[in-house]
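>>> attaching a predicted model along with its sequence, questions to come.
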Amino acid sequence: MSKAAQLAALIGSQTAQTSRNMAYNGAMNISQRSTSVTGIGASSGYFTVDRFKLAPNGTAGRLTMTQTADGPSGFANCLKLDCTTADTSVAAAEFLILSQFFEGQDLQRLKKGTSEAESVTLSFYVKGNAAATYTVELYDADNNRSISQRFSVTTSWSRVSLTYVGDTTGALDDDNANSFIVNIWLHAGSDYTSGTQNTVWQTLAGTERANSSDTSFFDSTNRTFFMTGVQLEIGDVATPFEHEDIGTTLRKCQRYYTRWQSTGANNWPRFFQPSYVDNGYVSGTFSFPVQMRTHPSVAVTGTWQGQGADGIGTGSVSQDGVTLFCQSVGAASIAGYYADGGSLDMASEL
Amino acid sequence: MNITNVQYVNDPLSGFSNAMIKATIDEVEWWVPNNTPSNTHYAEIMRQVAAGTITIADAD
């Protein structure tokens, strides 16, 4: 093939894909819940940077998770984990995993479970307080299969690139459920490390998921872990990170979590405009900025103020919006009901 | 997930019974749509109910 033909083929292969990066919020720019949470370690959840879940199990170790402006050149933000309570007595079932979950319908391009299964390359920028080695596992939740590779961390930002071969066994479901997880193992007991690490796709074997030589993030209160520029793409090569505008990233994240945060009493709109009372209740609808993955859970937190009404609650919810209600306080109509610094949260995470 | 104070809630607007499940999940009160297995809060509530670690109180 001539050079011109090779170039044409390359251009063609690149332009055939939009959203080359399948990872969400890879530049760590969106953090709807909070920018810093301390004392994490007792239970799993999404704490700061959107779409990145922390799952601890059985450990006495504790950490602070932060979205911080300490990225490598070209990145305004990164995710930072800072060990605040060490755990050097690692029980067999302990772990700490940093994960991102994917809907199967978003990864059909992997052609997983077919003879044309694509290899994928995971790349990210990472650094820490000292040299360390951890494991990244790809887990196919539909077919209970996994593959793992290790990576090294130094005290300076470096870009890690890990290529995983395509898996010709087990197709991913074409739906909105959890099908695929990128697991970064930061701390693991022998239940997950006592076997020979699985570096080829295979049915999940619990003892082969991480590596007994890996660093434990909880080995010292000096330990830190910084990451940004996460990219998951088809092929054997890590291409330059696909930066996207903040609006695009926010909308992608809001499919899984949406926070409406008022900044004070005069922060419009009021959820309940002056309205007649129907059977003792008055209602208002909040339309979501994007259709959420599934019917979300709803939380009304912080300070809300009623003017002739009280007791806000959730009446019904769909993927597109939620109807809130409150009860009138003896009045035929109410002046309004608004968030006085409070927030409204909708969660449909995987 | 640490789940406590779990109770069905009727929708006073539509009149639907048990439209939502109100629960304190990791110290935050959430209104979880009933009969939505794809919602991870609902799935976890049902898992813990099946395991016998929590029960869902009737609606008021």
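Nice, thanks for sending it over.
>>> leaving out sequence neighbours, find the closest residue to the residue in chain A that chain B sits nearest to.
Chain B sits closest to A:T314 of chain A, with a gap of 3.6 Å, by C-beta to the nearest C-beta. Placement of C-beta: from N, CA and C, glycine included. With sequence-adjacent residues excluded and distances taken as C-beta to C-beta, 6 or more residues apart in numbering or on different chains, A:T314 is closest to B:W31, at 3.6 Å.
>>> measure that neighbour to A:V300 for me?
As judged by C-beta to C-beta, to the nearest Å, B:W31 and A:V300 stand 8 Å apart.
>>> who has more neighbours, those two?
Each of B:W31 and A:V300 has its neighbours counted (other C-beta atoms under 10 Å in any protein chain shown); B:W31 has more, 24 against 20.
>>> so the residue nearest to A:T314: helix, strand or coil?
Secondary structure for B:W31, judged by DSSP: H, G, I helix; E, B strand; the rest coil, is strand.
>>> tell me the contacts of it?
Applying C-beta atoms under 8 Å, 6 or more residues apart in numbering or on different chains to B:W31 gives the contacts A:S297, A:V298, A:A299, A:V300, A:G313, A:T314, A:V317, B:V9, B:M20, B:I21, B:K22.
>>> which pair in these spans the largest distance?
Between any two of the contacts of B:W31, the greatest separation by C-beta to C-beta is 15.0 Å, found for A:V300 and B:I21.
>>> if we can go back for a sec, identify the contacts common to B:W31 and A:V300.
Joint contacts of B:W31 and A:V300 (C-beta under 8 Å, 6+ apart) are A:G313, A:T314.
>>> picking up where we left off before, can you give me the neighbour number for the residue of chain A closest to chain B?
24.
>>> next secondary structure after the helix or strand hosting it?
Counting by DSSP states H and E, the element that carries A:T314 is strand A:309-317. The helix or strand immediately downstream of strand A:309-317 is strand A:321-328, counting by DSSP H and E.
>>> convert the C-alpha atoms of that following strand to CSV, please.
Presented in CSV, the C-alpha positions along strand A:321-328 are these (Å, rounded to 0.1, in the frame of the first residue of the first chain):
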residue,chain,number,x,y,z
GLY,A,321,-38.5,14.6,35.1
VAL,A,322,-39.9,14.4,38.6
THR,A,323,-43.1,15.7,40.2
LEU,A,324,-42.6,17.2,43.6
PHE,A,325,-45.4,17.9,46.1
CYS,A,326,-45.8,19.8,49.3
GLN,A,327,-48.7,20.1,51.7
SER,A,328,-50.6,23.3,52.2
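>>> next, the residue most central in space within chain B: secondary structure please.
Nearest to the geometric centre of chain B sits B:I21, at 2.9 Å (C-alpha atoms, centre = their mean). Of the three states, B:I21 takes strand according to three-state DSSP.
>>> got it, and the one 3 residues further on?
When the structure is split into helix, strand and coil by three-state DSSP, B:T24 lands in strand.
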